[in-house]
Structure formats: C-alpha cells, structure tokens
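Trainee: Sequence first, predicted coordinates after that:
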Amino acid sequence: MPRIYLAASWRNAYHRDMVVLLRKHGHTVYDFKNPDYATGFAWSQVGMPDKPTAVDQRRTLLSVPRCAQGFVSDFRAMLWCDICVMLIPSGRSAHLELGYCAGAWKRTVIYLRDGEEPDLMNLLASDLVTTDDELIEALRV
C-alpha cells in the first residue's frame with residue numbers, strides 16, 4: 001500500500017474523517033495534526049499575532065525552534081510519502097506541499113469540493129476526485 005501525505009488546512013472539517021478512511025483502507029497516513037511523536041505544529045504555539053507583519057512572520061519562521069520542528073516533521077513526511085492527497089479547501093501550505101510532491105514526480109491527488117473556486121494549477125495533479133470512492137480507486141492505480 002502506498003504511503004500517503006495528507007495535505008489540508010487545520011480548518012478543513014473533513015481532515016479527521018479522511019485520515020480514518022484512508023487508514024481503514026490499509027494506507028499509512030501522515031497526520032500533520034497528530035504526528036507519531038508529538039502534537040502537530042500550530043502558529044498559536046509560537047505566539048504569532050492575529051495580524052502579523054511580514055517582519056513578524058520572517059523573524060518567527062527563522063528564529064523559533066518550534067517552527068523548525070514543525071517544518072522538519074512535515075518535510076520529512078513529504079520525502080517519505082508515495083502519494084500526496086490534498087483536501088480542498090486547503091491553505092497555502094497544503095498547496096506548496098502538493099506542488100513540492102508534483103515537482104518530485106510523486107503521484108498527487110486533489111479531492112475537490114463543491115463551492116470552491118477552480119484553479120488551473122490543479123492540472124498538475126495526477127488525479128482529481130470528488131468522492132471517497134473515487135479517491136480510494138485513484139489510490140489503487
């Protein structure tokens with residue numbers, strides 16, 4: 001079974017259910033919210049203001065060890081995975097993660113949802129799916 005990197009936003013209401021579904025079908029899934037050894041990274045852990053300036057962001061990213069830990073955890077999982085699945089709606093990080101995996105010639109799948117704005121760069125993905133059944137089938141190939 002392929003190893004799955006599940007890219008999604010912390011706010012994605014389907015994330016937890018998707019982790020459960022993929023594991024039920026025998027896949028090993030990296031869950032960025034609950035990595036094996038610690039809790040997942042969240043900006044609230046490093047005191048990022050609600051409306052950070054660009055300087056706030058750069059200083060925090062470059063100087064806070066917890067940011068480096070969160071990045072390394074996710075990046076190692078991106079190197080480890082066979083397939084990246086991105087759940088829409090997603091944030092900027094998930095799009096970068098899928099883009100990295102596409103550029104590394106890994107299989108990529110985007111799970112589209114109704115009501116979301118289309119994006120031409122979704123054509124980088126190996127597969128576009130709209131249902132759980134389509135996703136499971138795409139992962140079999």
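Mentor: Nice, I can see it. The structure displayed is predicted, hence computed values, not measured ones.
Trainee: what's the longest helix in this protein?
Mentor: Longest helix of the chain, by residue count under DSSP state H: helix 65-80.
Trainee: roughly how far is it from the heart of the chain?
Mentor: The chain centre lies 12 Å from the centre of helix 65-80; the measure is C-alpha atoms, centre = their mean, to the nearest Å.
Trainee: which parts of that helix are buried?
Mentor: Cys67, Gly70, Ser73, Asp74, Ala77, Met78 (16 or more other C-beta atoms under 10 Å). Every C-beta, even on glycine, is put in place using the N, C-alpha and C of the backbone.
Trainee: List of residues touching the worst-scoring helix or strand of the chain on mean pLDDT?
Mentor: Ranking every helix and strand in the chain by mean pLDDT, DSSP states H and E puts helix 54-63 at the bottom, with a mean of 73. Applying C-beta atoms under 8 Å, 6 or more residues apart in numbering, the contact partners of helix 54-63 are Val46, Gly47, Met48, Pro49, Pro52, Cys67.
Trainee: Dump those residues to a markdown table, plus pLDDT, distance to Val19 and secondary structure.
Mentor: Compiled in a markdown table, the contacts of helix 54-63 are given as follows (pLDDT from 0 to 100; distance: C-beta to C-beta, whole Å; DSSP: H, G, I helix; E, B strand; the rest coil):
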| residue | pLDDT | distance to Val19 | secondary structure |
| --- | --- | --- | --- |
| Val46 | 70 | 24 | helix |
| Gly47 | 71 | 28 | coil |
| Met48 | 71 | 25 | coil |
| Pro49 | 71 | 30 | coil |
| Pro52 | 76 | 29 | coil |
| Cys67 | 76 | 24 | helix |
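Trainee: Just the buried ones out of these, please.
Mentor: Met48, Cys67.
Trainee: which two of the contacts of helix 54-63 lie the greatest distance from each other?
Mentor: Pro49 and Cys67 (14.6 Å; C-beta to C-beta).
Trainee: Tell me which stretches of this protein form helices.
Mentor: Under DSSP H, the chain gives helices at 15-24, 54-63, 65-80, 92-103, 132-140.
Trainee: what angle separates the longest one from helix 54-63?
Mentor: Our comparison of helix 65-80 with helix 54-63, counting by axes from the mean of the first three to the mean of the last three C-alpha atoms, to 10 degrees, yields an angle of 70 degrees.
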